[in-house]
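**Student:** Based on what follows, work out the 3D shape:
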Amino acid sequence: MPKKTRLGDDAAIYQQKNTQPSEREKLKNMPWKKRFGYIWDYYKIHGLVIILVVAFIIYLVYTITKPKIETKLYAAIINNTIQAEVWDEYKEKLMDYLELDPKTENITLNYNFYYNGAPDYATNMRQAFSVFVAASQIDVVIAPLSEFSTYVDNDFFEPLSDQLPTDLYSSLTDKFYLSGTKENPRVSAYGIYLADTKLFRDYSLPTDDDPFLIGIVANSQYKKNAIEFIRFIFTEK
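**Tutor:** As a prediction, this is how the structure comes out:
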């Protein structure tokens, strides 16, 4: 029995052949410039996904295989009074002085610890500083006496007599900050005044009422470099 349809068996729709060209034929008959545009319009989403995946893989491989840069000296400068450009130049000098390899080693001179701003900001900076110290990230602290003395009192530093070699210690005895601490009331040298150094004499804003000092943090991981940093500051001409 013939299939019942709305159209007759001899309707044109059944007689018509598929005359639509395939995608391959379309591309074959296009000029190169138009062909590229057609491919981009048709496949751009897929292409972008592939590009992003490849880029991510390349980044991942680079991240895994690139040399790790280790911070060999971290100095925290509190309430900085020296221009950033000076510190940046100083960092380059120190890299040469300590004979560090810039491909794998680095120095951080962080002059962004400001306690003299808005109360909330100052609180956040103090907390950040304490976290860095607790994590043994900071080797050297440069700070005005009003702040430095508080950290001495709370045992952030060890006596310099236990840190500095004899020649350096002897050359700096007239510049020491002497104090006791909560845990050790015995008076010892915990800091060194920086007013006579070239760095602070030539580049720092006047701070006679609150002079800056430098000290080595008790749990520093790079005390040898911290000592050489102090030597460099006080012997620079």
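
**Student:** Other residues contacting stretch 112-122?
**Tutor:** If you take Cβ atoms under 8 Å, 6 or more residues apart in numbering as the criterion, stretch 112-122 is touched by 76-80, 125-126, 128-129, 147. For the C-beta atoms, the positions are set from N, CA and C on the backbone; glycine is no exception.

**Student:** So which of those belong to helices?
**Tutor:** With helices taken from DSSP state H, the overlap with those comprises 125-126, 128-129, 147.

**Student:** ChimeraX command to pick out the buried ones of those?
**Tutor:** Selecting only the buried entries of the ones in helices among the contacts of stretch 112-122 in ChimeraX, with 16 or more other Cβ atoms under 10 Å as the criterion:
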select :125,129,147
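
**Student:** okay, the ones in helices among the contacts of stretch 112-122 in a markdown table with pLDDT next?
**Tutor:** Formatted as a markdown table, the ones in helices among the contacts of stretch 112-122 follow (pLDDT from 0 to 100):
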| residue | pLDDT |
| --- | --- |
| Met125 | 93 |
| Arg126 | 94 |
| Ala128 | 94 |
| Phe129 | 95 |
| Glu147 | 97 |
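
**Student:** Pull the most distant pair out of the ones in helices among the contacts of stretch 112-122.
**Tutor:** Ala128 and Glu147 (14.1 Å; Cβ to Cβ).

**Student:** and Leu73, that's in a strand?
**Tutor:** Yes: looking at Leu73 with DSSP: H, G, I helix; E, B strand; the rest coil, it is inside a strand.

**Student:** show me the contacts for it.
**Tutor:** 94, 98, 107-108, 139-140, 222, 225-226, 229.

**Student:** Mind checking which of these are in strands?
**Tutor:** Among the contacts of Leu73, the members found in strands (DSSP state E) are 107-108, 140.

**Student:** Save the residues you listed as CSV, and put in neighbour count too.
**Tutor:** Listed next are the ones in strands among the contacts of Leu73 as CSV, based on neighbours: other Cβ atoms under 10 Å:
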residue, neighbour count
Ile107, 23
Thr108, 14
Val140, 23
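
**Student:** could you redo the contacts of Leu73 as JSON lines and give each row distance to Ile214 and pLDDT?
**Tutor:** What follows is those, written out as JSON lines (distance: Cβ to Cβ, whole Å; pLDDT from 0 to 100):
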{"residue": "Leu94", "distance to Ile214": "13", "pLDDT": "96"}
{"residue": "Leu98", "distance to Ile214": "16", "pLDDT": "96"}
{"residue": "Ile107", "distance to Ile214": "15", "pLDDT": "97"}
{"residue": "Thr108", "distance to Ile214": "15", "pLDDT": "97"}
{"residue": "Asp139", "distance to Ile214": "11", "pLDDT": "98"}
{"residue": "Val140", "distance to Ile214": "6", "pLDDT": "98"}
{"residue": "Tyr222", "distance to Ile214": "15", "pLDDT": "97"}
{"residue": "Asn225", "distance to Ile214": "13", "pLDDT": "97"}
{"residue": "Ala226", "distance to Ile214": "9", "pLDDT": "97"}
{"residue": "Phe229", "distance to Ile214": "8", "pLDDT": "97"}
